[in-house]
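Q: Quick one, what's the 3D model for this:
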Amino acid sequence: MRALWFRAAVAFLLCAMGAVEFVTAREENQTWDESNQLLSGYAYLTTGRFTLAREQPPLAKLLWALPVALLRPDPPVHVSPSENPWPAGLRFLYRNRVPADKILMAGRSCAIAISIVLGLAIAYFARRYFGAGVALAAVFLYAADPNFLAHGRYMKNDVAAALAIFVAVMVWGAYLLNPTRLRLAMSGVALGLALATKDSALVLLPVMLILYFVHEWQQRRSFSPSRFARGFATAGLVAFLVIFAVYGFEVEPIGDSGLFRRFFPDGGAVARIPIPALGYFSGLSAIWLKQTVGGLGSGYVLGRPAVFGHWYTSPVALAVKTPLADLCLFALAAVLAIARCRRLKMRDVNFKWFLLAAPPIVYLAISLPAAFNAGIRHLLPMYPFLYILAAAVILSSPLRRWRLLSVLAASALLTFESVSIYPNYLAFFNALAGGPVGGRRFLVDSNLDWGQDAKKLQAWLQDRGIREVAISYYGMADLAYYGLHARELPAVPDASSARSLHCVAAVSVTNLALYPARYAGLEALEPSARVGYSIYVYDLRARSGDGGK
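A: Residues are numbered from 1 along each chain as shown. Okay, here's the model as predicted:
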């Protein structure tokens, strides 16, 4: 009966999460590059060649494309790897015989299913190591988190990466605790699937290495180079075979690699050397260039636009985007853990605690110097470990009443935070940041405004009988497709420029942040509405004495 109640509770939480994601996703148009990512996976699924948007691996893209294929949309027009895939993605989504929203929701349904699987993985491993109470608490923290409710709906590989990284670490931990050939092979498979999902899964390599040496140190046995080499070589070989399979067993000459052409434009005999899964290594080279050279063109944190990311982007994102309830629980768990560690020798601490603590610490450390850091979505792989860790520390035996009440109070606060931002989960910022209105001072782009609210803007205008809008839109959605009669919003550098427009103006928050001088005249005014918190609307007709429609 206990097992039945546990499964029923987990099912209820995750079904509620999936329902909320599905309902709110229907109200939003595509985020910045969902059409591009979807076309990449669909073209690979139907043609067998992964040629579009190869910067990130194709596994998640293939999964999104599966339900889309059931709709039988028009096949994608051939686009060579050298061409820009963005226009092709927009044509595929908005110029198809199948409506754009139907295609979008088919792919997003698979993304939502992936977010539910992550919840199941949290429930399974948390219960295995700490019991049903801790597992339920961890699943609730996950299912009610506005950040996962936001990003779990989109065809972006951040939540899929969180799932793959979490499972890979847990399977590796199971192998270290009870080494068998089967568990080692499963570790290799999990590692390969993670690496085929997102390049950030490379963080697994130092994490697995650290966990291996911690376990050896705790076992008080001498280091065996041969055992170490066999274990990692086997896991690495299996992982590469998985990647090779995901890339369709492609073997291409190294000269086709973008990195090779960058440094060796003349090619030569070396350019003809065949490389298995060359697409994977080409993607890695593109990410490496972005992280070390290219940066992020629209980077923004703490009111400072920049080409390169700032080292404090990750700490700021964690501080302002993490729900207050979670921050309180994480802080309480840290205090309790430090107090207990003073009475223990680190060598005697159960290995399962290292299994949960090492990945988020390593992940955060690696994110600090990254030039390309989009904020909270890049940090999502940390949270499953933190949920379980916090719940396990606070609810550990002997359970004090005040600790149980703390968890219940935090759960009530988290519910309030999640409900209060509905349905605009992407715009969530905690109360310390001033909520979604104050949050724009800290982060924008995928943390607040990813171009997702054009449909909501059209509905807002239609309800008020406004036929045309002057807009500065940060997004890729086809505004005309959604019935928006829009013209480009000119620069509004001062109040006099605003008064001379005689129109309804709409501007994306990201553009307000990135181009403060261009829109200073609007910033001096109170917006007439904040649509989804990502698009600010200014009715400049009334301000200029024109009250007509």
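Q: Give the residue spans of this structure that score low on pLDDT.
A: 1, 80-83, 255-268, 292-298, 306-309, 542-549 (pLDDT under 70).
Q: Quickly list the domain ranges of it.
A: Domain segmentation of the chain under automatic domain parsing yields 2-245+310-417, 251-306, 453-543.
Q: Turn the ones you listed into CSV, including mean neighbour count and distance to Ala427.
A: The C-beta positions use only the backbone N, C-alpha and C, and glycine is treated the same way. Putting the domains of the chain into CSV (neighbours: other CB atoms under 10 Å; distance: least, CB to CB, whole Å) gives the following:
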stretch, mean neighbour count, distance to Ala427
domain 2-245+310-417, 19, 8
domain 251-306, 15, 15
domain 453-543, 18, 4
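Q: what's the closest of these to Tyr425?
A: Ranking the domains of the chain by proximity to Tyr425 (CB to CB) places domain 2-245+310-417 first, at 3.7 Å.
Q: what's the offset of the closest one from the middle of its chain?
A: 9 Å (CA atoms, centre = their mean, to the nearest Å).
Q: among the domains of the chain, which is nearest Asn430?
A: With CB to CB as the criterion, Asn430 lies closest to domain 2-245+310-417 of those, at 4.8 Å.
Q: Now do the end-to-end distance for that closest one.
A: Domain 2-245+310-417 has an end-to-end distance of 30 Å (CA to CA, to the nearest Å).
Q: Walking through the stretch 201-350 of the chain, point out its strands one by one.
A: Assigned by DSSP state E, counting those that start in this stretch, the stretch 201-350 of the chain shows strands spanning 251-253, 274-276, 299-301, 304-306.
Q: Actually, the chain.
A: Shown for the chain, the strands assigned by DSSP state E span residues 251-253, 274-276, 299-301, 304-306, 469-472, 486-488, 504-508, 529-531, 535-539.
Q: Make a markdown table out of the ones you listed and add distance to Arg128.
A: Below are these laid out as a markdown table (distance: least, CB to CB, whole Å):
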| stretch | distance to Arg128 |
| --- | --- |
| strand 251-253 | 40 |
| strand 274-276 | 36 |
| strand 299-301 | 38 |
| strand 304-306 | 44 |
| strand 469-472 | 51 |
| strand 486-488 | 53 |
| strand 504-508 | 45 |
| strand 529-531 | 44 |
| strand 535-539 | 45 |
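Q: Nearest to Gly236, out of those?
A: Closest to Gly236 of the strands of the chain, according to CB to CB: strand 274-276, at 13.8 Å.
Q: packing partners for the closest one?
A: strand 251-253 (3 or more CB pairs under 8 Å, 6 or more residues apart in numbering; DSSP states H and E).
Q: Within its sheet, name the partner strands of the strand it packs on and how each one runs.
A: strand 274-276 (antiparallel) (DSSP bridges).
Q: which residues are contacting the partner strand?
A: Under the contact criterion CB atoms under 8 Å, 6 or more residues apart in numbering, strand 274-276 has outside partners Phe240, Phe244, Phe249, Glu250, Val251, Glu252, Pro253, Ile254, Ser257, Phe281.
Q: what about the third one, neighbour count?
A: The criterion is other CB atoms under 10 Å. On that basis, Phe249 has 10 neighbouring residues.
Q: Roughly how far does it sit from Phe240?
A: Phe249 sits 12 Å away from Phe240, going by CB to CB, to the nearest Å.
Q: what sits against Ala138?
A: Here Ala138 is in contact with Ile122, Ala123, Ala126, Pro384, Tyr387, Ile388, Ala391, Ala392 (CB under 8 Å, 6+ apart).
Q: Adding distance to Arg518 as columns, could you present those residues in CSV?
A: Output for the contacts of Ala138, formatted as CSV (distance: CB to CB, whole Å):
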residue, distance to Arg518
Ile122, 44
Ala123, 48
Ala126, 49
Pro384, 41
Tyr387, 41
Ile388, 46
Ala391, 47
Ala392, 50
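Q: Pull the most distant pair out of these.
A: Of all pairs in the contacts of Ala138, the most separated under CB to CB is Ala123 and Ala392 at 13.4 Å.
Q: ok, back up a step: columns distance to Val444 on top of the domains of the chain, output as JSON lines?
A: Shown next, in JSON lines, are the domains of the chain (distance: least, CB to CB, whole Å):
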{"stretch": "domain 2-245+310-417", "distance to Val444": "9"}
{"stretch": "domain 251-306", "distance to Val444": "5"}
{"stretch": "domain 453-543", "distance to Val444": "4"}
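Q: quick one, which of those domains is nearest to Arg440?
A: Nearest to Arg440, of the domains of the chain and by CB to CB, is domain 453-543 at 5.1 Å.
Q: same for the longest helix along the chain, what does it pack against?
A: Taking DSSP state H as the criterion, the chain has its longest helix at helix 100-130. Packing contacts for helix 100-130, counted by 3+ CB pairs under 8 Å, 6+ apart, involve helix 2-26, helix 34-47, helix 59-69, helix 85-94, helix 132-143, helix 158-177, helix 351-367, helix 383-394.
Q: who's in contact with the fourth one?
A: Under the criterion CB under 8 Å, 6+ apart, residues 30, 33, 35-40, 42, 52-53, 73-74, 76-77, 79, 100, 103-104, 476, 478, 481 lie in contact with helix 85-94.
Q: go with 10 Å
A: 29-30, 32-40, 42-43, 51-54, 68, 73-79, 98-101, 103-104, 107, 476-478, 480-482 (CB atoms under 10 Å, 6 or more residues apart in numbering).
Q: ok and that helix relative to helix 100-130, angle-wise?
A: Orientation check (axes from the mean of the first three to the mean of the last three CA atoms, to 10 degrees): helix 85-94 against helix 100-130 gives 100 degrees.
Q: what do you get for the first one?
A: With the same axes, to 10 degrees applied, the angle from helix 2-26 to helix 100-130 works out at 150 degrees.
Q: Adjust the sequence numbering to begin at 3 for everything that follows.
A: Okay, using 3 as the starting number, the last item reads as helix 4-28.
Q: Just want the angle from helix 4-28 to helix 134-145.
A: 0 degrees.
Q: Give the other helices and strands that helix 4-28 contacts.
A: Judged by 3 or more CB pairs under 10 Å, 6 or more residues apart in numbering; DSSP states H and E, the packing partners of helix 4-28 are helix 102-132, helix 134-145, helix 148-153, helix 403-423.
Q: Those: which one's closest to Ala497?
A: helix 403-423 (32.0 Å).
Q: the helices in the stretch 153-302 of the chain, which residues?
A: 160-179, 183-197, 206-221, 227-248, 260-265, 280-291 (DSSP state H, counting those that start in this stretch).
Q: could those helices go into CSV alongside distance to Phe356?
A: Formatted as CSV, the helices of the stretch 153-302 of the chain follow (distance: least, CB to CB, whole Å):
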stretch, distance to Phe356
helix 160-179, 9
helix 183-197, 16
helix 206-221, 5
helix 227-248, 17
helix 260-265, 36
helix 280-291, 28
